[in-house]
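> Turn this into a model:
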Amino acid sequence: MTVEVLIIMGSKSDEPVGKKAVAVLKDLGISYKLTVASAHRTPKWVEHLVETSEAKVFITIAGLAAALPGAVAAHTIKPVIGVPVSGKVNLDSILAIVQMPPGIPVGGVGLDRGDNAALFAAEMLAISDTRIAQKLKDHRAEQERKVKADAEAYNEG
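The predicted structure follows:
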């Protein structure tokens with residue numbers, strides 16, 4: 001089976017954020033692979049993973065200096081989504097992802113939002129996959145149903 005999304009975490013400590021992405025991709029029936037590679041400690045491994053992957057979209061999860069999204073983007077023309085991981089100084093990882101130099105873009109989501117990264121990846125894939133597009137529509141409808149149920153609970157009193 002071809003992997004549609006490759007999720008690369010900068011370290012094992014990023015696993016809680018990676019699990020958020022995995023849960024959404026599973027729910028939407030999107031194939032994925034989850035792995036660990038460090039832009040600083042294993043740069044050749046990062047390059048190998050990216051250049052040999054058949055994935056259509058990359059999700060990269062990193063904290064601190066958060067160089068991983070940029071390192072992945074440097075080795076592919078496929079979409080790369082960066083997920084900054086919260087820590088003692090949250091601004092570092094956010095800026096590292098959104099302040100990429102011209103010519104090497106990385107899409108960014110909020111701190112620890114592996115779930116939004118997976119949804120963003122799904123939206124990219126849905127451009128050419130009607131099955132995923134329908135799953136996303138169903139997901140949005142379920143979100144709407146939950147919010148309306150919450151509102152009704154407050155209006156009953």
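
> quick one: what helix or strand has Ile8 in it?
Using DSSP states H and E, Ile8 maps to strand 5-9.

> Summarise which helices and strands the helix or strand following that strand is packed against.
Downstream of strand 5-9, the first helix or strand assigned by DSSP H and E is helix 15-28. Secondary-structure packing of helix 15-28 (3 or more Cβ pairs under 8 Å, 6 or more residues apart in numbering; DSSP states H and E): strand 5-9, strand 32-36, strand 57-62, helix 114-126, helix 130-155. Where you see a C-beta, it was placed from the backbone N, CA and C, and this is true even at glycine.

> Out of these, the one nearest Lys88 is which?
strand 57-62 (14.8 Å; Cβ to Cβ).

> still on that earlier bit, need the helices and strands packed on helix 15-28 in JSON lines (columns: distance to Ala23, mean pLDDT and mean neighbour count).
Putting the helices and strands packed on helix 15-28 into JSON lines (distance: least, Cβ to Cβ, whole Å; pLDDT from 0 to 100; neighbours: other Cβ atoms under 10 Å) gives the following:
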{"stretch": "strand 5-9", "distance to Ala23": "11", "mean pLDDT": "98", "mean neighbour count": "27"}
{"stretch": "strand 32-36", "distance to Ala23": "11", "mean pLDDT": "98", "mean neighbour count": "17"}
{"stretch": "strand 57-62", "distance to Ala23": "13", "mean pLDDT": "98", "mean neighbour count": "28"}
{"stretch": "helix 114-126", "distance to Ala23": "7", "mean pLDDT": "98", "mean neighbour count": "22"}
{"stretch": "helix 130-155", "distance to Ala23": "12", "mean pLDDT": "96", "mean neighbour count": "11"}
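
> ok, the residue nearest the centre of the chain - contacts?
Centroid-nearest residue in the chain, with Cα atoms, centre = their mean: Ala117, separated by 3.1 Å. Neighbour list for Ala117: 21, 59, 61, 81, 83, 109 [criterion: Cβ atoms under 8 Å, 6 or more residues apart in numbering].

> between the residues you listed, which is nearest Ala133?
Among the contacts of Ala117, and counting by Cβ to Cβ, the member closest to Ala133 is Ile81, at 18.3 Å.

> Give me the helices and strands touching the helix or strand harbouring the closest one, please.
Ile81 belongs to strand 80-84 when assigned by DSSP H and E. Contacts defined by 3+ Cβ pairs under 8 Å, 6+ apart place strand 80-84 against strand 57-62, helix 68-73, helix 90-98, strand 107-108, helix 114-126.
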